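In: coords please:
(chains A and B)
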Amino acid sequence: LAKTTQPISMDSYEGQEVNITCSHNNIATNDYITWYQQFPSQGPRFIIQGYKTKVTNEVASLFIPADRKSSTLSLPRVSLSDTAVYYCPDNYGQNFVFGPGTRLSVLP
Amino acid sequence: NAGVTQTPKFQVLKTGQSMTLQCAQDMNHNSMYWYRQDPGMGLRLIYYSASEGTTDKGEVPNGYNVSRLNKREFSLRLESAAPSQTSVYFCAISETGDPSSGNTIYFGEGSWLTVV
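Out: Numbers count the residues shown, from 1 in each chain, chains lettered A, B, ... in the order given. As a prediction, the model looks like this:
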């Protein structure tokens, strides 16, 4: 199954900006890029979605270059509560393929 | 996660026992999924149902069966539980199951299953 590639883990300190990059080498022309966040003992939840260029919402920004082979999730001024696993699932037919994600640890 | 309800939330089974995990949605979405997540791992697709009346295998279907009872409900059955099936199980839904249309996927709260 095609899967995206992202770092396994990242550490940051409170108040810093965190950027997590995902490679979408097999992205199809019509696919959107979506990021999810998962806290311990909960199911993943939607953070942000985009098709190209930049998208911003109240939680994060998503940067997608012109070739769409990668995407970068940007979390401004992280807090301890942003400690979670972040996923950029791949699309495979009618399925969403989740890899291990990026485990972000925010330190005080 | 309010739109996807899973039961039970916790269950302990003995090896060889059977059980069914229930999933119900109130968002009128067509596609439903069952994933499992092992400690420190990502989510792996067990089975999915693109629409009412259809089911298909995912990445790890062995040892499981599913039923799409109606548009709202999608159940996962373990016929003869094994310790390797100890995991957290997530039910999920999406509107059409077509990622190219900008679909997102919504997850339930999870069901913690331990097989001893």
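
In: The nearest residue to A:Q6 once chain neighbours are set aside: which element?
Out: When the adjacent residues along the chain are set aside, A:Q6 lies closest to A:C22, with 4.4 Å between them (C-beta to C-beta, 6 or more residues apart in numbering or on different chains). Every C-beta, even on glycine, is put in place using the N, C-alpha and C of the backbone. Using DSSP states H and E, A:C22 maps to strand A:18-23.

In: next one: B:L76
Out: Per DSSP H and E: strand B:74-78 holds B:L76.

In: So what touches the helix or strand just after that strand?
Out: Per DSSP H and E, strand B:74-78 leads on to strand B:87-94 as the next helix or strand towards the C-terminus. Contact with strand B:87-94 is made by A:43-44, A:96, B:3-4, B:6, B:21, B:23, B:25, B:27, B:29-38, B:43, B:46, B:74, B:76, B:103-108, B:110-113, as judged by C-beta atoms under 8 Å, 6 or more residues apart in numbering or on different chains.

In: And the residues you listed, which of them are buried?
Out: A:43-44, A:96, B:4, B:6, B:21, B:23, B:25, B:29-37, B:43, B:46, B:74, B:76, B:103-108, B:110-111, B:113 (16 or more other C-beta atoms under 10 Å in any protein chain shown).

In: For A:F98, see how far away the single nearest residue of chain A relative to chain B is.
Out: Among the residues of chain A, A:G43 lies closest to chain B, at 3.0 Å counting by C-beta to the nearest C-beta. Taking C-beta to C-beta, to the nearest Å as the measure, A:G43 and A:F98 are separated by 11 Å.
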